[in-house]
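A.B. asks: Next come a sequence and a model predicted from it.
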Amino acid sequence: MLKGKSAIVTGSTSGIGRGIAHALAAQGVNIMTNGFGDTPETIATVKSEIAKFGVKAEYNPADVEKPEQIDAMVDATIKAFGSLDIVVNNAGIQFVAPVDQFPLDKWNAIIATNLSSAFYTSRRAVPLMKKQGWGRIINIASAHGLVASENKVAYVAAKHGIVGLTKVVALETAKNGITCNAICPGWVLTPLVQKQIDAIAAQKKVSNDEAAKEILQEKQPAMQFVTPEQIGGLVLFLCSDDAKLITGSAYSIDGGWVAQ
């Protein structure tokens with residue numbers, strides 16, 4: 001049922017977003033990929049990977065902190081594909097420090113990238129989806145959208161905000177054939193998480209494997225990283241007709257993290 005539909009996936013040139021883009025493309029969805037500051041080689045590789053599924057693949061360099069650039073990306077998507085049916089708000093950044101030492105510029109950047117950007121895309125997408133009577137907005141939150149950890153004040157605040165935004169958009173679009181849901185992954189071995197593993201390894205003078213095990217032991221009882229492919233599978237379910245009455249929900253995919 002998704003063949004011929006079109007999607008924007010923010011932050012889709014690596015990690016979770018790239019996995020989601022592949023999952024959607026495999027079901028016949030045209031993809032507007034997005035990343036900020038990507039190299040020409042990365043862009044070409046990502047577009048080529050998606051095009052192998054027989055769909056259209058474009059790239060937009062929008063800085064998701066800036067609403068005017070998101071507006072331009074939406075316009076480019078409609079021009080390229082003729083519609084915008086699915087939006088996956090995935091772009092995210094991280095910085096770690098105690099609240100009393102947290103730099104103001106890092107707070108502002110994380111809130112803008114991880115939270116405000118989802119509002120900007122939803123604000124533009126909802127009228128289009130209402131007009132066509134169908135749409136899916138999927139916000140990639142985090143286990144940190146449901147519970148907290150020390151030294152991540154901006155990230156936790158932003159991800160909690162994403163869950164709240166999801167609920168409001170779901171209520172406002174419930175009668176329009178549109179659903180809005182959040183996915184809350186635990187640890188996924190993305191470049192963002194790898195940086196945290198590298199930092200622990202350097203600080204404690206242990207191997208990367210030991211540092212990764214330490215991260216998993218602390219939060220994720222399954223002792224396995226969630227994969228981008230598994231998150232992509234959940235995105236496909238939420239886009240399916242079986243999920244047309246699932247809206248305003250926050251789905252944990254975290255190896256038992258928030259069950260504790």
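C.D. replies: Cool, the structure landed.
A.B. asks: tell me the pLDDT at the residue sitting furthest away from the middle of the chain?
C.D. replies: Ranked by distance from the centre of the chain (Cα atoms, centre = their mean), the top residue is Lys205, with 32.0 Å. Predicted confidence (pLDDT) for Lys205: 95.
A.B. asks: go on, the one 10 residues further on?
C.D. replies: With respect to pLDDT, Ile215 scores 91.
A.B. asks: Please apply the same query to Met1.
C.D. replies: As predicted, Met1 sits at a pLDDT of 88.
A.B. asks: Same question for Leu165.
C.D. replies: Per-residue pLDDT puts Leu165 at 98.
A.B. asks: And the host helix or strand of it, what does it pack against?
C.D. replies: Element membership for Leu165 (DSSP states H and E) is helix 153-173. Helices and strands touching helix 153-173, by 3 or more Cβ pairs under 8 Å, 6 or more residues apart in numbering; DSSP states H and E, are helix 104-111, helix 117-132, strand 135-140, strand 178-185. Every residue, glycine included, has its C-beta placed from N, CA and C.
A.B. asks: repeat that for 10 Å
C.D. replies: Judged by 3 or more Cβ pairs under 10 Å, 6 or more residues apart in numbering; DSSP states H and E, helix 153-173 is in contact with strand 86-89, helix 104-111, helix 117-132, strand 135-140, strand 178-185, strand 250-253.
A.B. asks: Sheet partners, orientation included, of the fourth one?
C.D. replies: Meaning strand 135-140. Paired neighbours of strand 135-140 in the sheet (DSSP bridges): strand 86-89 (parallel), strand 178-185 (parallel).
A.B. asks: Let me know the average pLDDT across it.
C.D. replies: What strand 135-140 shows for mean pLDDT is 98.
A.B. asks: For stretch 138-156, which residues meet the burial criterion?
C.D. replies: By neighbour count with 16 or more other Cβ atoms under 10 Å, stretch 138-156 contains the buried residues 138-147, 152-156.
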